[in-house]
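# 3D, please:
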Amino acid sequence: MAPSRPNRAKFNYSEATLTSQIPCPHCGKTFKVQGFKKHEASCKKQREDEKEREEFTRRYEAELRRARHKAKGKLMPGPASGPEEDQAGPSRIPSTSEPSSAMIEDPPLYVFDDTDDERQTGPDDWQPDARMRRVPSDASMGTRSTASIGPHQQPAISIDRPGEFRTEYHPRSGRPPVTQSYEEFGAHSTIYTKPADEEPFCPFRTHGDFEFVEIALDAALNQAQVDRLLDLIDRVAKGAAKVTLKNEVELRKACDNAAAELTPFSKHPVTATYKKQPVTYEVHTQPVWEWALDLLDNPLLAPYFVWDAECLYKHNGTEYERFYHEPWTADHWWDIQSSLPSNVENAIPFAFILYADKTKLSSHGTVKGYPVVVHCANLPVDIRNGKGLGGGCVVGWLPIVPEDAEEEGKLGYTNLKRVVWHESFVKLLEAVALYSQTGYAHTCYDQLMCWLFPLILILSADYEEQANACARSALCPSTSFTTSQKPLRFGRWIRVRMPSPINNVFWKVTYSCPHGALSFDRLHYLHASLWGKHLLGEIKKILNSLRRQAEAAVESFVSEFPQWRQFTHFQTVIKIMFSDGNKMADLSKQVFYATLNVLTRQASPEGHQLLLVVRSYLQLDSLIGLDVHTEHTLDMIEAELLIFNKELEKYMSCVKKSNIEGLKLDWDFPKVHLWKHVVRDIQSKGTARNYSTRPNEGMHGPLHEAYQRRSNGRDVAGQILRVDHHKLAAILIRARMDNAEQWKRFETEDPEGSQSDSPAPFEGHTKLGSACKPVSLQHLETDFSPSDRAFEGFRKKFTEFLNTSLPAYGHQLTRWIVLPSQFQVKEHRYLKVNYESTVDWRQNTDHLRCNPSFFGQPRYDAALIQLTPEKTAFVRLIFMFVCDIPDISSFQFALVQPCTAGIGGTRQLDRDFRLNRVKAVPRSSSISVPMASFIRGAVLVSDTEHRDEYFVFDHLDGDMFLRTLQCTGS
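Have a look, this model is predicted:
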């Protein structure tokens, strides 16, 4: 049983108790009964402390006099000390039996307080006085330091009083216990260490170099930004440039002044009704028409505007064949221009491309933004999809209706979001809607007066945003129909017209149709969805059902996949997920080749059939992604869509028979259906890059960076848009400066072409780089041939090559060339190749490496060369070099391993998957070829089941895709 608490007597609140007073035996004052006990305890403690301080003062004065007299040879007896105890630092007072040498040899100094009179007292006639404070000298630092000793200001701690903290050390340390006061415990004197080096910023050359590095690291500057900043600093130091900005405030004011000539953003309320209650949100807008006028008024862009529709044709050797690329080369532009008012002279379309999508600003996704980006479709794709002047621009920041767990998914709440979306766009498109009816007079670059009729030609968006744009829950946003029940297999939709409760803003803009403006987007429909969420998921499930070695084989193959510029290299794919659609596009091509020898027909029938689906998917992706389409390529898309559907049906049949859990049976979802409209979109609005969301998604990064670095986390829309506006102003000024420099160079050019003596950047269409030290032919043979048979007899083979090939290259030989063993060649490990693309007939550039240690790994790229006047071949680079042949010329050659060995009959794997296979000759059969024979770079993927055999990576880009199709006769 727990002890009970004793009963406490209640306080007596009688009148006598409250009014009577009791004298204090310590101070003599009287107090009421209520507070007497508390005062008595406090008063008693105070008297005891005063006595203790007086005793301390008496003993301290005696110790001081004894020490002073001892220093004069007159040691005076003093009171006995208490028990001896080690104390730390200045808290210890030496005992009378063993006086401190510090106190004897160097008595304490005392400094008078300036607040009292200036009378000074010497050491011999010292008297305790409140005006003095003790300052320990260097020799007396081991004694106790007392501040303000006097009769009324005495030390608070007695010499006999034990310290508040005690430290005991390990016995092996040999250190005695230490007792310290509260003030002393944990207090440490500042220690100054002499620097080991008079230049502590080493290995940096100067202090300024280190400070610059600190700033660059804190700001996370990339290589280009560091180079630009250092170049500016160098020009300022040389007096070639001048910087007057002193701080961030001045920088911001300068940016505001620069942005003043651009249309500013403004904030507008947007009101909608939900459950009979008004709901108001805020939208930030820079009206699209004002932005368009800024473009029209810019003289640097004026020459590039295209106003009239065009139909383009190219002769294919038999007949003229139409092709499509820019929006004005497609049918819809032609139809719009035909429908413009006939009574208006020079009426032309002024077309816009709009994009809107939510983006995560914070790392956890709790803060989101909703930017609206606009492009001008009248500008060429390289300008409007670029990052410079004339590129996409953020013109709006839409409100985000909060996610509500109770309301989410309800039709009314979904309609609320779409009403807010369209009402926000009304603020953006008010002037566009007006001028789409009346037209706008504009004098073009050729001084011709035209009437511009603005319209929304393209809505670049993912599936969710397309549903918002068409303002209905249509499974196929590209049509004006919706479905009343689940759609039938492969898009045999039940079409039922459904009225929409939302006033679609795009119907207010003449010559604009929201359904016709919606277009196929490769990034979201193919790379991130059909492949990233569905096909890749199926492959992982099937691999998981096989042996663990199957997953390991795929991982190993992907990690060793040949590297290529601007092509993502992966180390693992099975256990991680990628959310970047661009990386998904690269991953799809690598996983296909990695699983060819793993998901065989015998090992996994469903996996083998799935790879046939993936192969058709890759064919369609490469076809749709071409930058120029002809009638022939459009027919190929239509034919490949039929193949894809056929292979997908076969896969679903395999899944029904499979015992692997979780495989997908229902492939009837919108994004599989939507690419059936892609041919129509290309014919109507040009190639897929015209309506791709990829350049718009790329603008999310700067917005995210502006939120992280340039905002305070509150009311972020205005702060982010201000930063973006400053960047737009900087782009405008940079374009003017570059144009001025180009004009200056143009005016100062020698009309006689005196600059023709400067070395050309390319010899023909190739350029070597990354030069090494010259080496002799003997060195190549002795050092390299033991590990690589390609260099066996290199001097002899190269000599024969020169004597037989140089006459064919137009060099007449009067004698047989003999190369001595010490003949030197200069190795190069980088090659740039220019070539004409078979897609758009423009110049492209490949960057090839032939390096034994490129970022720590050997890299020997492949190339397509003109082996003979009639034959092309794939080769593997071994050694690139330059040599000077005496009395003839300097030449650029490459030692290569041709992939021209015979394979025999076509393998079943190649027929099933439409693969292009090549086989390399032995390394000892390597040959030398001139650099002029290089056509372009290539990627060869190793076949792990057959030595020295490779698959031609035909999905490298559009040009390689078409070249391989031509080789196979497709």
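# Helices of the stretch 551-700 of the chain, start to end?
Here the stretch 551-700 of the chain has its helices, by DSSP state H, counting those that start in this stretch, at 581-594, 605-624, 631-657, 670-674, 678-685, 694-697, 700-710.
# nearest to Thr510, of those?
Among the helices of the stretch 551-700 of the chain, the nearest to Thr510 by CB to CB is helix 678-685 (18.0 Å). (C-beta placed from N, C-alpha, C; glycine too.)
# Okay, angle between the closest one and helix 631-657 too, please.
150 degrees (axes from the mean of the first three to the mean of the last three CA atoms, to 10 degrees).
# Run through the neighbouring helices and strands of helix 678-685.
Helix 678-685 sits against helix 331-339, helix 631-657, with contacts defined as 3 or more CB pairs under 8 Å, 6 or more residues apart in numbering; DSSP states H and E.
# so can I have CSV of the helices of the stretch 551-700 of the chain showing mean pLDDT and distance to Pro171?
Converted to CSV, those look like this (pLDDT from 0 to 100; distance: least, CB to CB, whole Å):
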stretch, mean pLDDT, distance to Pro171
helix 581-594, 94, 63
helix 605-624, 96, 71
helix 631-657, 95, 76
helix 670-674, 76, 77
helix 678-685, 94, 85
helix 694-697, 91, 69
helix 700-710, 87, 56
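# Select, out of the ones you listed, the one closest to Tyr370.
Nearest to Tyr370 among the helices of the stretch 551-700 of the chain is helix 700-710 (10.4 Å), distances taken as CB to CB.
# Any buried residues in the closest one, and which?
Neighbour-count burial for helix 700-710 flags His700, Leu703, His704, Ala706, Tyr707 (criterion: 16 or more other CB atoms under 10 Å).
# got the contact list for the nearest residue to the last one once chain neighbours are set aside?
Looking back up the chat, that one is Tyr707. Excluding the flanking residues, the one nearest Tyr707 by CB to CB, 6 or more residues apart in numbering is Leu361, at 4.1 Å. Contacts for Leu361 (CB atoms under 8 Å, 6 or more residues apart in numbering) come out as Val367, Lys368, Gly369, Leu703, His704, Tyr707, Gln708, Val716, Ile720.
# Return the member of the residues you listed nearest to Leu312.
Checking the contacts of Leu361 against Leu312 by CB to CB gives Leu703 as the nearest, at 36.7 Å.
# what helix or strand is Lys45 on?
Assessed by DSSP states H and E, Lys45 sits inside helix 33-71.
# just checking, what packs against that helix?
So helix 33-71, by 3+ CB pairs under 8 Å, 6+ apart, packs with helix 15-19, strand 21-23, helix 101-105.
# go again using 7 Å as the cut-off
Contacts defined by 3 or more CB pairs under 7 Å, 6 or more residues apart in numbering; DSSP states H and E place helix 33-71 against helix 101-105.
# Give me the mean pLDDT for the helix it packs on.
When pLDDT is averaged over helix 101-105, the result is 39.
# ditto for stretch 938-954
On average, stretch 938-954 scores 95.
# thinking Gln286 is in contact with Cys393, fair?
No. Under the criterion of CB atoms under 7 Å, Gln286 makes no contact with Cys393, lying 8.0 Å away.
# buried stuff in stretch 677-689?
Of the residues in stretch 677-689, those buried (16+ other CB under 10 Å) are His677, Val678, Val679, Asp681, Ile682, Gln683, Ser684, Lys685, Gly686, Thr687, Ala688.
# how near is Asn468 to Trp421?
Remark: distance between Asn468 and Trp421 (CB to CB, to the nearest Å) = 5 Å.
# Sorry, wrong one. I was asking about Glu164.
Glu164 sits 69 Å away from Trp421, going by CB to CB.
# More neighbours: which of these two?
With neighbours defined as other CB atoms under 10 Å, Glu164 and Trp421 compare such that Trp421 has more, 23 against 13.
# Return the list of helices and strands in contact with the helix or strand where Phe951 lies.
Here Phe951 sits within strand 949-952, counting by DSSP H and E. Applying 3+ CB pairs under 7 Å, 6+ apart, we find strand 949-952 packed against strand 917-919, strand 940-942.
# For whichever helix or strand comes after it, buried residues please.
Counting by DSSP H and E, the next helix or strand C-terminal to strand 949-952 is helix 958-968. For helix 958-968, the buried set under the neighbour-count rule, 16+ other CB under 10 Å, comprises Gly958, Asp959, Met960, Phe961, Leu962, Arg963, Thr964, Leu965.
# Kindly report the same for stretch 824-831.
Buried residues in stretch 824-831, counted by 16+ other CB under 10 Å: Val825, Lys826, Glu827, His828, Arg829, Tyr830, Leu831.
# Outside of stretch 781-801 itself, list whatever touches it.
Stretch 781-801 is contacted from outside by 777, 780, 817-819, 821, 878, 895, 897, 923-924, 926, 928, using CB atoms under 7 Å, 6 or more residues apart in numbering.
# One more: stretch 808-823?
Residues from elsewhere that reach stretch 808-823, judged by CB under 7 Å, 6+ apart: 776-778, 795, 798-799, 802-803, 806-807, 885, 888-889.
# Out of those residues, the closest to Asp335 would be?
Ser889 (59.0 Å).
# Can you spell out which residues form a bridge with that closest one?
Using DSSP bridges, the bridge partners assigned to Ser889 are Ile885.
# List the contacts of Glu638.
Residues near Glu638 by CB under 7 Å, 6+ apart: Val679.
# Any figure for the gap between it and Ala808?
Distance from Glu638 to Ala808, by CB to CB: 46 Å.
# got it, and Pro514?
To Ala808, Pro514 is 63 Å away according to CB to CB.
# quick one, which of the two is more surrounded?
A count of neighbours by other CB under 10 Å puts Pro514 above the other of Pro514 and Ala808, at 23 against 8.
# from what I can see that one touches Asn503, true?
No. Counting by CB under 7 Å, Asn503 is not a contact partner of Pro514; they are 11.8 Å apart.
# related to what we said a few turns ago, ranking the helices and strands packed on helix 678-685 by burial, who's on top?
helix 331-339 (a mean of 17; mean count of other CB atoms under 10 Å).
# Check which helices and strands it is in contact with.
Helix 331-339 packs on strand 347-356, helix 678-685, going by 3+ CB pairs under 7 Å, 6+ apart.
# Could you report the pLDDT at the residue nearest to Gln286 when sequence neighbours are not counted?
Leaving aside its chain neighbours, Gln286 sits nearest to Val395 (4.5 Å; criterion: CB to CB, 6+ apart). Per-residue confidence (pLDDT) for Val395: 94.
# Val395: helix or strand, and which one exactly?
Going by DSSP H and E, Val395 is part of strand 393-397.
# quick one, the next helix-or-strand element following that strand and strand 347-356 angle?
Downstream of strand 393-397, the next assigned helix or strand under DSSP H and E is helix 411-438. In terms of direction (the same axes, to 10 degrees), helix 411-438 departs from strand 347-356 by 160 degrees.
# begin at 41 from here
Sounds good: first residue 41 from here, last item helix 451-478.
# ok so, going back, just how off-centre is the strand holding Phe991 within its chain?
Centroid separation between strand 989-992 and its chain, computed with CA atoms, centre = their mean, to the nearest Å, is 34 Å.
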